[in-house]
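Engineer: need coordinates for the below:
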Amino acid sequence: MAKICILYTGGTIGMLPTEKGYAPKRGYFGRALDAVPDLHKEGMPEWELVEFDPLLDSSNIALDQWNEIGRAVAERYDDFDGFVILHGTDTMAYTAAALSFMFVNLDKPVVLTGSQIPLCSLRSDATDNLITSMIIAGEGRVRQVCLYFGGKLIAGTRAVKLSADELVAFESPNYPCLARAGITIKYDTDAIARIGRRMRGAGETDGAFRIVPFSQTAIGVIRIFPGIQLSLFAPVMTEGLGGIVLETFGTGNIPDYDNELLPMIRRAFDAGTVVTVCSQCLRGTVHLGAYETSSSLLDAGAVSGCDMTTEAAVAKLYYLFSVTTDRAKIREYMEKNLRGELTEE
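Structural biologist: Coordinates of the predicted model:
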């Protein structure tokens with residue numbers, strides 16, 4: 001029988017109603033899980049709960065918490081067959097992407113999940129999400145970081161949150177789901193294998209599992225919109241800015257009124273900032289140079305994020321800045337597929 005470690009970081013799944021809205025309560029969730037009959041039925045993996053302190057709303061999870069989660073898995077890696085990380089939905093896709101890059105030579109399932117409705121409430125989706133995640137982790141067919149929610153198992157570097165109030169809250173816009181859970185769990189073996197072949201990164205070698213803790217790096221995101229006052233962003237384009245994700249229109253197009261953006265990007269490039277171009281469109285990919293309005297981005301030193309999500313691009317920048325100081329190498333690797341985060345043409 002597989003042995004699963006459940007890491008409870010906080011989030012809606014374990015919250016209780018208070019005068020100020022839903023909030024986590026230390027010690028409650030373990031008792032709540034013990035009271036769920038299905039968790040003790042024959043066929044369920046053996047499991048152990050680790051409760052973080054403090055418990056956090058996922059809106060408050062950042063780089064330090066990613067490192068803490070990574071260390072929690074690493075410290076228990078040899079003692080368990082798989083891991084289920086319970087996490088709030090707001091930033092779950094960011095954490096899934098971050099852990100995907102942080103873990104090197106991962107050969108066990110790490111499944112993130114949570115719920116839209118607390119376990120303590122009527123019609124909660126928590127039980128199904130948790131039980132199915134535990135079964136997936138126990139079966140061990142997907143030995144990578146992934147996110148399970150609402151019947152879909154999504155690669156950790158491909159997940160985006162689509163809905164704040166629907167039970168099917170996450171999607172994988174540019175890559176097939178790794179599995180779908182209905183009456184049975186149906187795995188897409190080809191999709192799993194293609195991601196699995198890409199679990200090597202910058203400067204990594206085969207060997208034992210380890211983590212790359214993320215170092216503090218100034219990372220920014222700018223979403224282009226009609227009428228944007230680009231001069232407002234000029235002060236952040238300094239030598240202290242390590243990387244920036246530019247969310248552009250379509251396949252990488254930008255407005256050229258007042259000719260403000262390109263000089264900013266050139267200054268950022270000259271200062272060493274890695275400018276990565278992603279698309280605001282959920283589906284499709286960036287093609288710098290396909291239109292005149294995107295060719296200038298290439299000339300200014302920007303790199304293509306291809307079909308990466310913003311979540312994956314941000315996590316990848318943190319990762320690369322944590323393993324090398326060579327900005328040219330970072331630019332090179334931003335366009336390479338390291339963890340299944342982008343489709344190389």
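Engineer: which parts of stretch 35-50 are buried?
Structural biologist: Residues of stretch 35-50 classed as buried: 39, 44-45, 47, 50 (neighbour count, 16 or more other C-beta atoms under 10 Å). For every residue, glycine as well, the C-beta is placed using N, CA and C.
Engineer: most centrally placed residue in the protein?
Structural biologist: Nearest to the geometric centre of the chain sits residue 97, at 2.5 Å (C-alpha atoms, centre = their mean).
Engineer: checking that residue next. Helix, strand or coil?
Structural biologist: helix (DSSP: H, G, I helix; E, B strand; the rest coil).
Engineer: ok, now which ones touch it?
Structural biologist: Applying C-beta atoms under 8 Å, 6 or more residues apart in numbering, we find residue 97 in contact with 156-157, 159, 309, 311-312, 314-316, 341.
Engineer: which helices and strands does the helix or strand bottoming out on mean pLDDT in the chain pack with?
Structural biologist: Ranked by mean pLDDT, DSSP states H and E, the weakest helix or strand in the chain is helix 292-299, scoring a mean of 78. With contacts taken as 3 or more C-beta pairs under 8 Å, 6 or more residues apart in numbering; DSSP states H and E, helix 292-299 sits against strand 243-248, helix 261-270, strand 274-279.
Engineer: next helix or strand past it?
Structural biologist: The helix or strand immediately downstream of helix 292-299 is strand 303-304, counting by DSSP states H and E.
Engineer: which residues make contact with that next one from outside it?
Structural biologist: Under C-beta under 8 Å, 6+ apart, the answer for strand 303-304 is 252, 274-277, 286-288, 331, 334-335.
Engineer: those, buried ones only, as a PyMOL selection?
Structural biologist: Of the contacts of strand 303-304, the buried ones go into a single PyMOL selection, burial set by 16+ other C-beta under 10 Å:
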select buried, resi 252+274+275+276+277+286+287+288+331+334
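Engineer: which residues of the stretch 201-345 of the chain score low on pLDDT?
Structural biologist: Residues of the stretch 201-345 of the chain that meet the criterion pLDDT under 70 lie in 201-206, 257-258, 293, 345.
Engineer: quick check: residue 107 touching residue 210?
Structural biologist: No - between residue 107 and residue 210 there is no contact under C-beta atoms under 8 Å: 11.7 Å.
Engineer: other residues contacting the longest strand along the chain?
Structural biologist: In the chain, taking DSSP state E as the definition, the longest strand is strand 46-56. Residues outside strand 46-56 that contact it (C-beta under 8 Å, 6+ apart): 1-11, 14, 24-27, 29-30, 33, 39, 65, 68, 72, 76, 80, 84, 88, 134.
Engineer: in PyMOL, select just the buried ones from those.
Structural biologist: Buried members of the contacts of strand 46-56 can be picked out in PyMOL with the line below, counting by 16+ other C-beta under 10 Å:
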select buried, resi 2+4+5+6+7+8+9+10+11+14+24+29+33+39+65+72+80+84+88+134
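Engineer: now, the contacts of strand 46-56 that are in helices?
Structural biologist: In this view, these that belong to helices under DSSP state H are 29-30, 33, 65, 68, 72, 76, 134.
Engineer: could the residues you listed be laid out in CSV, adding pLDDT and distance to residue 123?
Structural biologist: Compiled in CSV, the ones in helices among the contacts of strand 46-56 are given as follows (pLDDT from 0 to 100; distance: C-beta to C-beta, whole Å):
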residue, pLDDT, distance to residue 123
29, 92, 19
30, 91, 23
33, 93, 19
65, 96, 29
68, 97, 32
72, 98, 31
76, 98, 33
134, 98, 21
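Engineer: name the nearest of those residues relative to residue 269.
Structural biologist: residue 65 (31.2 Å; C-beta to C-beta).
Engineer: isn't that closest one right up against residue 9?
Structural biologist: Yes - using C-beta under 8 Å, residue 65 is in contact with residue 9, at 7.3 Å.
Engineer: which residue ranges make up the domains of the chain?
Structural biologist: Under the assignment automatic domain parsing, the domains of the chain span 3-211, 219-334.
Engineer: are we agreed that residue 148 is in a strand?
Structural biologist: Yes - according to three-state DSSP, residue 148 belongs to a strand.
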